[in-house]
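Peer 1: Just a sequence and a predicted model for now, questions to come.
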Amino acid sequence: MRNKPEIVGAKLRVTLVKSPTKYSERHKRNVRALGLHRMHQTVEHIDGPVARGMIARVAFLVAVEEVK
């Protein structure tokens, strides 16, 4: 087995602040893919283009802050 390189860098703290109930199925799936299931739930993601793209799609539903 290969050892995974330790990932260093900024993280993003993402909080669901608005319900995706009345929005499209695409938005709901994106929120779920970010790991958010309930209102005001917070998850952390490694800052990268994939996470940034998913957050950009549902920016009106989430609050984002950088963690150092």
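Peer 2: Now that the structure is in, tell me what you want to look at. Numbering: from 1, shown residues only.
Peer 1: Give the phi and psi angles for the residue most central in space within the chain, as a check.
Peer 2: Nearest residue to the geometric centre of the chain (CA atoms, centre = their mean): Leu34, 4.0 Å. Note on Leu34: its backbone torsions stand at phi -80, psi -10 [degrees, to the nearest 10].
Peer 1: next one: Arg13
Peer 2: Dihedral angles of Arg13 (phi, psi; degrees, to the nearest 10) stand at phi -100, psi 120.
Peer 1: same deal with Arg29?
Peer 2: Backbone torsions for Arg29, taken as degrees, to the nearest 10, come to phi -70, psi -30.
Peer 1: Next one: it from Arg57, what distance?
Peer 2: 10 Å (CB to CB, to the nearest Å). To be clear about C-beta, it is placed using only N, CA and C from the backbone, and glycine gets the same treatment.
Peer 1: swap in Glu66?
Peer 2: In terms of CB to CB, Glu66 sits 19 Å off from Arg57.
Peer 1: shaky segments in this protein?
Peer 2: Scanning the chain with the threshold set as pLDDT under 70 gives 1-8.
Peer 1: ranges for the helices of it?
Peer 2: If DSSP state H is used as the criterion, the helices of the chain fall at 25-33, 49-57.
Peer 1: highest average neighbour count across these?
Peer 2: Sort the helices of the chain by mean neighbour count, taking mean count of other CB atoms under 10 Å, and helix 25-33 sits at the top with a mean of 15.
Peer 1: what's it in contact with?
Peer 2: Applying CB atoms under 8 Å, 6 or more residues apart in numbering, the external contacts of helix 25-33 come out as Leu16, Pro20, Thr21, Met54, Arg57, Val58, Leu61, Val62.
Peer 1: so the last one bridges to which residues?
Peer 2: This means Val62. Beta bridges link Val62 to Leu16, judged by DSSP bridges.
Peer 1: That one touches Leu12, doesn't it?
Peer 2: No. Judged on CB atoms under 8 Å, Val62 makes no contact with Leu12 at a distance of 9.9 Å.
Peer 1: That concludes my questions; thank you for your assistance.
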